[in-house]
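Trainee: Coordinates for the following, if possible.
(one chain, ligands or ions: 1)
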Amino acid sequence: MTPTDFLRSRRSVPSRLLGDPGPSTDQLHELLQQGLRVPDHGRLAPWRYVLIDRERGAGLGERLAQRLLETDLQATEAALDKERGRFVRAPLTVTVVCTPTVGHKVPLCEQQLSAGCVAMMLLLSAEAAGFGAQWLTGWPAYDREVMNWLGLGDEESIVGFIYLGTPQGAGPEQARAALADKLSYYAG
Ligand SMILES: Cc1cc2nc3c(=O)[nH]c(=O)nc-3n(C[C@H](O)[C@H](O)[C@H](O)COP(=O)(O)O)c2cc1C
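Mentor: The predicted structure is shown next:
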């Protein structure tokens, strides 16, 4: 497949379809390194990773279920089960964290965009290596308590959870925007 064919056809694999094997340690380090090759205004490197393997993900899921109950006493058993399983779907989940330099002349949003590029680059790296990946957030990405569990500092934020594994199927293709609907020209 040419790089152009790859970019034309790339797509995420839903996390429920990401099975074993996950990347080996060497493969993972390669993917994570490729993920850091992103545009970065001011060379601030405003990003880092926190890995969640499936075993630790099971424990984290229990804590998520407890947390959900604290915040929503009406939470159904199905909702609690979903939390328990949130980080065991795929062999590995990579948390992409934005670590901004606060007060820097490079605006915060540019630092967050660079961190978003890390997430996107990691998707591409994983797909190029034959793995499947999906970028998810959900309430845990925005919950301060969950951020504390993952070791985030006050200024840090979660850009997304990148689920990684071997595709067990393709999942439905998403409708893609037509360029004609998204393109205009500056008319002077
Ligand atoms: C920042 C961000 C957060 C996302 N969070 C979720 C999510 O929590 N749940 C979900 O179903 N899709 C979420 N998505 C969408 C999926 O990652 C993705 O759009 C979908 O799997 C199709 O991906 P593809 O266009 O790469 O094929 C999110 C996307 C982004 C960019």
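Trainee: First-to-last residue distance for stretch 92-103?
Mentor: Across stretch 92-103, the terminal residues are separated by 34 Å (CA to CA, to the nearest Å).
Trainee: rounded to a whole number, what's the mean pLDDT of that stretch?
Mentor: Mean pLDDT, computed over stretch 92-103, is 98.
Trainee: again with stretch 164-180
Mentor: 93.
Trainee: can I have it written out in CSV, keeping just the CAs?
Mentor: What follows is stretch 164-180, C-alpha atoms only, in CSV (Å, rounded to 0.1, in the frame of the first residue of the first chain):
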residue,chain,number,x,y,z
LEU,A,164,-4.4,-0.4,21.0
GLY,A,165,-4.7,-4.0,19.8
THR,A,166,-5.1,-6.4,16.9
PRO,A,167,-8.2,-5.8,14.9
GLN,A,168,-10.7,-8.7,15.3
GLY,A,169,-12.9,-7.1,12.6
ALA,A,170,-13.3,-3.9,10.7
GLY,A,171,-16.2,-2.2,12.3
PRO,A,172,-18.5,0.1,10.3
GLU,A,173,-17.0,2.7,8.0
GLN,A,174,-18.0,6.3,9.1
ALA,A,175,-19.6,8.7,6.7
ARG,A,176,-16.8,11.1,5.6
ALA,A,177,-17.3,14.7,4.9
ALA,A,178,-17.3,15.8,1.3
LEU,A,179,-14.5,18.2,0.5
ALA,A,180,-16.9,20.4,-1.5
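Trainee: How far away from the center of its chain is it?
Mentor: With CA atoms, centre = their mean, to the nearest Å as the basis, stretch 164-180 stands 16 Å off its chain's centre.
Trainee: and it, which residues are buried?
Mentor: 164-167, 171 (16 or more other CB atoms under 10 Å). Yep, even glycine has a C-beta here, placed from its N, CA and C like the rest.
Trainee: is it anywhere near the ligand?
Mentor: Yes - under the criterion of CB under 6 Å from any ligand atom, stretch 164-180 makes contact with the ligand via Gln174.
Trainee: ok, and what's touching that stretch?
Mentor: Contacting residues not belonging to stretch 164-180 are listed as 11-14, 17-23, 28, 31, 90-94, 126, 130-133 [CB atoms under 8 Å, 6 or more residues apart in numbering].
Trainee: list the contacts for Leu28?
Mentor: Contacts of Leu28 by CB under 8 Å, 6+ apart are 22, 92, 164.
Trainee: The closest residue to the first one other than its chain neighbours: neighbouring residues, count only.
Mentor: The one in question is Gly22. Nearest non-adjacent residue to Gly22, counting by CB to CB, 6 or more residues apart in numbering: Pro91, 2.9 Å away. Each residue near Pro91 was counted by other CB atoms under 10 Å, and the total is 19.
Trainee: My reading is that Asn148 lies in a helix. Confirm?
Mentor: Yes - using DSSP: H, G, I helix; E, B strand; the rest coil, the assignment for Asn148 is a helix.
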